[in-house]
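S.K.: Fold the following.
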Amino acid sequence: MVQAQSHRLTFTDYIAYDDGTDTRYELVRGQLAAMTPPTWQHLLIARYLERLFEREIQRLTLNWMALQGAGQRVDLETTRLPDVMVVPAANLQNVAEDTAILQAAACLVVEIVSPGSVADDYLHKLAEYEAKGVPEYWIVDPLALGAARYIGIPKQPTLSIYSLVNGEYGEPLRLRGAMPVQSSTFAGLQVTAQQILQP
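M.R.: As a prediction, the model looks like this:
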């Protein structure tokens, strides 16, 4: 939900914003959008993915980190707070005291669909991450909330993986049940869609 404001906020306004509550906000086209508290299922999926990615990063000896809670700046007036991001550690050098918002594109971004985020996850964030140049974008839809055009018929829990090719996301891999996950970022990943959708 986007909060009504009398003027557009800049990125500098956004990182300095404090309304005295614990509410987390995204900056969406210069307006604050309050984030609804996650469900336990949502938190458990994010935790599972963060740990899964960390294991792969260690196995492959990559200088990357899997993070929850950090932001991804996608343009001058929009900053998203993805559920999980995989980030090159080099992008975090010399920014320890800065607000945890990544300026460069993450290697991989995950959004977990909730009733209030369906349109954002499948439309707006998809376009924003594509324009930012995020190589891989996962949409985890454990409740099958996406429209049939996004998750197919019959609607069922689906993991959609978008990969950037020539600057654009093509058709996603739609994974369900025991289907093995195929990731261009983590080519050797040994996990099924169901293990992610129901950790």
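S.K.: What helix or strand is Ile161 located in?
M.R.: Assigned by DSSP states H and E, Ile161 belongs to strand 158-165.
S.K.: what packs against the next helix-or-strand element following that strand?
M.R.: As assigned by DSSP H and E, the chain's next helix or strand after strand 158-165 is strand 168-169. Secondary-structure packing of strand 168-169 (3 or more Cβ pairs under 8 Å, 6 or more residues apart in numbering; DSSP states H and E): helix 125-132. For the C-beta atoms, the positions are set from N, CA and C on the backbone; glycine is no exception.
S.K.: List the buried residues of the helix it packs on.
M.R.: Residues 125-126, 128-130, 132 are the ones in helix 125-132 that count as buried (16 or more other Cβ atoms under 10 Å).
S.K.: Direction included, what does the strand holding Ile161 pair up with?
M.R.: Here strand 158-165 has these sheet partners by DSSP bridges: strand 136-141 (antiparallel), strand 168-169 (antiparallel), strand 173-175 (antiparallel).
S.K.: same question for that strand, mean pLDDT?
M.R.: Averaging pLDDT along strand 158-165 yields 97.
S.K.: tell me the angle that strand makes with helix 125-132.
M.R.: 20 degrees (axes from the mean of the first three to the mean of the last three Cα atoms, to 10 degrees).
S.K.: got the buried residues for strand 158-165?
M.R.: 158-164.
S.K.: Now it - C-alpha only, CSV.
M.R.: Extracted in CSV, the C-alpha atoms of strand 158-165 (Å, rounded to 0.1, in the frame of the first residue of the first chain):
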residue,chain,number,x,y,z
THR,A,158,4.7,-22.2,-8.2
LEU,A,159,8.3,-21.0,-8.2
SER,A,160,8.9,-18.8,-11.2
ILE,A,161,12.5,-18.1,-12.2
TYR,A,162,13.3,-15.3,-14.6
SER,A,163,16.7,-15.0,-16.2
LEU,A,164,18.1,-11.9,-17.9
VAL,A,165,19.0,-12.6,-21.6
